[in-house]
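**Student:** I'd like to go over a predicted model; first the sequence, then the structure.
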Amino acid sequence: AGRKVRIHFYHSARADYPYGSGGSGWFIDDVETVIHIEDFESGGNDWTTTNEIWEIGSSTEVPCYERDNCAGTVLNETYPPDQSSRLESRIFELPELDEFEELYLQFWQLFSYTGKDYGQVQIQVKDNQTGVWGKWKEIFTNTGEKLDWSEVEIDITDYAGKEVRFGFYHAANGSSTVNGLIKSSATSLFQSSSDSKKGIGWYIDDISLSVKILALLTGTVTEDSSSGSSIEGASIVVELDNEVIAVMKTLPNGFFALYLPPDNYRITIRKNGYEEASETVKCGAKETVTSDIQLKPIIPINPAEKLVIHSISKPPKKIKRGKKFKVTLKVGKYSKKKTRLKIPKKTKPRKYYLLACTSSGDCKVAKRRFRVKK
C-alpha cells in the first residue's frame, strides 16, 4: 500500500521437462487495478455526514448489497422532507495515469426519490499550491427510482494525481405535488404512498476505484483512386459482438483515433458517394493499432454506355407519372440487376433517371435521364 508497483504475468516454458513443452499456454483477459474503498462492514468510521440523514449499518427493510452493512438515507425508514445531507469520504490521493489508462469511481446503489428530490455524487479537489479545498462539484445525479441494486461507473480520469474527497449528496426540497411513487413489493417500504415528499431515498454499498487499461485505435481514411485524397467526415462505426459501442467521424485530414478496452472489434466506414468498407482489428492492452482504409468512389455510368432493359414484369398499359414497376437491367459490362424505376412526376412520360452503378452491381439514381426503348 502507498507504493508504486508494476505487475507482470510471467510465462515459463522448459524443454528439458520429462514431457517437454508446447501446451496451449496461458490466456488472460480484462485486467484491472481495483482499489477498494469501502463496504461499510467495519462501520464506515472514515466517513462523515451532515444532518444525520445518512446512516451506516444493517438494513432489514432494504437488504444491503451482498453482505450485512451499507449506507442509506435513514435506514429502514423513508427520508424526511425539506432536508439535505452529504456523506463525505476521507481524503484520497488519486494515482497518476499514462495515456493508456482511465480512472473510475464505482459503487452499487438503489434509490427511490419523489418529486424533484435527487441524489448527487460529488467530488472536492484540493489545490496543490494553496492547500485550499475547492467547492463540491457534481459528477453524477439520480432522480426518480431504481429499486434493484445496480452498479454505477463514473469516469474521474480528469482528477488523476490529485487529492480529492467524494461526497454522496442527498437533497429533499419537498417542492413537488406528484402523487405516489413506490410500486415494488420487495419490502414493506416499497408500496404506494400518498405523501409526495417521502420515499426510501438512496442506498449505496461496495465503493471502489479502478484503473482500466486501454488500447488506441487510429487510422486514416482515403479515396481508393490515383489521387488518394483524404476523406473528411466519414463515419467510423465500432462494433463488439454485433453491438455498436462507438461512432465517430474523420477529421479534415481523414484521421481518426479512439481509445478502447482491449478486444477484437469490427469497424465499418461509411461516406456518401463511396462504397462501404469494413474490417476486423485486434486491440491489445496499451497497444496502438493503426488501420488505414481506402474507400472506393461510386462511379456514375459513362454516357457512352447503353442502358438495355431486358424485361419488364407486368408492363403498364399506359405509363403514368409517379408509378413504380420492376425491371431487370444490364449496364455495359455490369451484371443484371433487378430494381425499381419510378417515373419522376415533373418529367415527360417515358423519360427516366439514369442509374449510377458500381462494379458489384449496386445502383443508385444519378442526375442524367434516359428514354425507355421497346
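**Tutor:** That came through fine. Keep in mind it's a predicted model, so treat the numbers as computed, not measured.

**Student:** could you dump stretch 29-48 to PDB, C-alpha only?
**Tutor:** Output of stretch 29-48 as PDB, limited to C-alpha atoms (Å, rounded to 0.1, in the frame of the first residue of the first chain):
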ATOM      1  CA  ASP A  29      -8.300 -11.100 -20.100                       C
ATOM      2  CA  ASP A  30     -10.000  -8.000 -18.500                       C
ATOM      3  CA  VAL A  31      -7.100  -6.900 -16.300                       C
ATOM      4  CA  GLU A  32      -8.000  -4.000 -14.000                       C
ATOM      5  CA  THR A  33      -6.400  -2.300 -11.000                       C
ATOM      6  CA  VAL A  34      -9.100  -2.100  -8.300                       C
ATOM      7  CA  ILE A  35      -8.600   0.000  -5.100                       C
ATOM      8  CA  HIS A  36     -11.300  -1.000  -2.600                       C
ATOM      9  CA  ILE A  37     -12.500   2.000  -0.700                       C
ATOM     10  CA  GLU A  38     -15.500   0.900   1.500                       C
ATOM     11  CA  ASP A  39     -18.000  -1.900   2.000                       C
ATOM     12  CA  PHE A  40     -19.200  -0.400   5.400                       C
ATOM     13  CA  GLU A  41     -18.800  -3.800   7.100                       C
ATOM     14  CA  SER A  42     -16.400  -2.200   9.700                       C
ATOM     15  CA  GLY A  43     -18.900   0.600  10.400                       C
ATOM     16  CA  GLY A  44     -17.600   3.300   7.900                       C
ATOM     17  CA  ASN A  45     -15.500   5.100  10.500                       C
ATOM     18  CA  ASP A  46     -13.700   7.100   7.800                       C
ATOM     19  CA  TRP A  47     -16.900   8.700   6.600                       C
ATOM     20  CA  THR A  48     -18.700  11.700   8.000                       C
END
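
**Student:** By neighbour count, which bits of it are buried? Give me those.
**Tutor:** Neighbour-count burial for stretch 29-48, counted by 16 or more other CB atoms under 10 Å, picks out 37-40, 44, 47. For glycine as for every other residue, the C-beta is placed from the backbone atoms N, C-alpha and C.

**Student:** Could you list the low-confidence segments of the stretch 51-200 of the chain?
**Tutor:** By pLDDT under 70, the weakly predicted segments of the stretch 51-200 of the chain are 174-198.

**Student:** pLDDT on stretch 226-243, on average?
**Tutor:** Mean pLDDT, stretch 226-243: 93.

**Student:** One more: stretch 273-286?
**Tutor:** 92.

**Student:** just the strands in the stretch 101-250 of the chain please.
**Tutor:** 101-112, 118-125, 137-142, 145-155, 163-171, 201-213, 215-223, 235-240, 243-249 (DSSP state E, counting those that start in this stretch).

**Student:** Tabulate the ones you listed (TSV), appending distance to residue 67 and mean neighbour count.
**Tutor:** Output for the strands of the stretch 101-250 of the chain, formatted as TSV (distance: least, CB to CB, whole Å; neighbours: other CB atoms under 10 Å):
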stretch	distance to residue 67	mean neighbour count
strand 101-112	11	21
strand 118-125	22	19
strand 137-142	22	16
strand 145-155	12	13
strand 163-171	19	21
strand 201-213	8	21
strand 215-223	35	19
strand 235-240	33	17
strand 243-249	33	12
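
**Student:** Among those, which comes closest to residue 75?
**Tutor:** For residue 75, the closest of these is strand 201-213, at 8.3 Å, according to CB to CB.
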